[in-house]
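[1] next come a sequence and a model predicted from it.
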Amino acid sequence: MRKRQRKFARPWRRRDALASQLTGNEFELGCALSLAELRPRLEHSGVLEVREEGGIFLLTTAREMDHRTLLARLLERDVDVSYFRDNSGSVRRLFE
C-alpha cells in the first residue's frame, strides 16, 4: 500500500522558493556606532542600504554577498559587532 504524501511535507522548500524571489540579502547588526558614524565605514563595502530600526541596523547587500564576507568587511573597517543576524532567508521580508 502506497503512503499518501502531504501537500507541504517539506515546508522549507516553499520558504526557500519564496526567499529566492528577494533581490538582496538582509542582515541585522548591533554595534556601538551611530548611523552617522557607521555609514562612512560601509562605503565601498558592498552594502547597498543601511537603515536603523529600534536600535538595530538593517544592512542590505547584493544576493552574492554572504554573511562571512560581510562580517569580514565589517571587521576590516573597525566595526565592533555586538549582534549579527542573517535575515536573508526570512519570508517575513516579503510582507514589509
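    Sure, I can see it.

[2] residue contacts, the closest residue to residue 32 other than its chain neighbours?
    Leaving out its chain neighbours, the residue that sits closest to residue 32 by C-beta to C-beta, 6 or more residues apart in numbering is residue 80, at 6.1 Å. C-betas here are computed from N, CA, C, even on glycine. The contact partners of residue 80, taken as C-beta atoms under 8 Å, 6 or more residues apart in numbering, are 31, 32, 33.

[3] restricted to buried residues, select these in ChimeraX.
    Buried subset of those, written as a ChimeraX selection, criterion 16 or more other C-beta atoms under 10 Å:
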select :31,33
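
[4] what would the contacts of residue 80 look like in CSV with secondary structure, pLDDT and distance to residue 65?
    Putting these into CSV (DSSP: H, G, I helix; E, B strand; the rest coil; pLDDT from 0 to 100; distance: C-beta to C-beta, whole Å) gives the following:
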residue, secondary structure, pLDDT, distance to residue 65
31, strand, 97, 18
32, coil, 95, 23
33, coil, 96, 20
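
[5] show me the helices in the protein, by range?
    Counting by DSSP state H, the chain has helices at residues 11-19, 35-41, 67-76.

[6] lowest average pLDDT across these?
    Set side by side, the helices of the chain give their lowest mean pLDDT on helix 11-19, at a mean of 54.

[7] do I have it right that residue 65 meets residue 25?
    Yes. With contact defined as C-beta atoms under 8 Å, residue 65 reaches residue 25; the gap is 6.1 Å.

[8] ok, the two, which is more surrounded?
    Between residue 65 and residue 25, residue 25 has the larger neighbour count (other C-beta atoms under 10 Å), namely 24 against 20.

[9] just the pLDDT for the closest residue to the more buried one other than its chain neighbours.
    In space, and not counting its chain neighbours, residue 25 is closest to residue 88: 3.9 Å by C-beta to C-beta, 6+ apart. Here, the pLDDT recorded for residue 88 equals 84.
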